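Q: coordinates only, no sequence provided:
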């Protein structure tokens, strides 16, 4: 999609959003709300931007001989629930046992950011990230954990601060209980600050 088409589509979406605000009985003409439809549309476009982007690649390099477990923790993510069209957000923690390749730590953050920016459910997000890491690194073992707060729950008064957790296991973590136990112990307990 060209920048011109994208800008035109944002304008159309903002007009629909303004009509939605009015249909809900809210006054879109208030000075404080004058640009609300435009700002909300731009924010939603940012939250869902990976829908129109090509997935990133994970730059890899040879793993050092006898590499042990590698963990990357507390990678923040923000996503958008496809059921209720409100955000969910939290942290991703992962640990893997390299096979032949490793990657720079920033690449994992880029992957998680990319896969987070579209409407979806957390369980789907967790599996997509694990699949992408597995495809690029082909590790011996991989455990990914996403822990998040779901605003669809909290905004309805059904559990402020509830932590929802999803897991994905690949390689030996999915076939050998001993590897899964080691990965879980090393990853530790989830927390969102």
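A: That came through, no problem. None of the values given here were measured: they were computed from a predicted structure. Numbers count the residues shown, from 1 in each chain.
Q: all contacts plus neighbour counts: C-alpha atoms, from now on.
A: Noted.
Q: quick one: the strands in this structure?
A: 60-62, 70-81, 87-97, 101-103, 119-120, 141-150, 164-171 (DSSP state E).
Q: what's the most buried one of those?
A: strand 141-150 (a mean of 24; mean count of other Cα atoms under 10 Å).
Q: buried sites along stretch 20-38?
A: 21, 28, 36-38 (16 or more other Cα atoms under 10 Å).
Q: got the contact list for the residue most central in space within the chain?
A: By Cα atoms, centre = their mean, the mean C-alpha position of the chain lies nearest to residue 116, the distance being 2.6 Å. The contact partners of residue 116, taken as Cα atoms under 8 Å, 6 or more residues apart in numbering, are 50, 77-80, 125.
Q: let me know the closest of those residues to residue 153.
A: Nearest to residue 153 out of the contacts of residue 116 is residue 80 (Cα to Cα; 13.1 Å).
Q: can you name the residues bridging to that closest one?
A: Taking DSSP bridges, one finds residue 87, residue 119 as the beta-bridge partners of residue 80.
Q: wait, what's in contact with it?
A: With Cα under 8 Å, 6+ apart, residue 80 has these contacts: 47-48, 86-88, 116-121.
Q: please identify the buried residues of the longest helix seen in the chain?
A: Taking DSSP state H as the criterion, the chain has its longest helix at helix 3-23. Residues of helix 3-23 classed as buried by neighbour count (16+ other Cα under 10 Å): 10-11, 13-14, 17-18, 21.
Q: what does stretch 51-70 give?
A: 58, 70.
Q: show me where pLDDT drops low in this protein?
A: Filtered on pLDDT under 70, the chain yields the residue ranges 1-5, 189-193.
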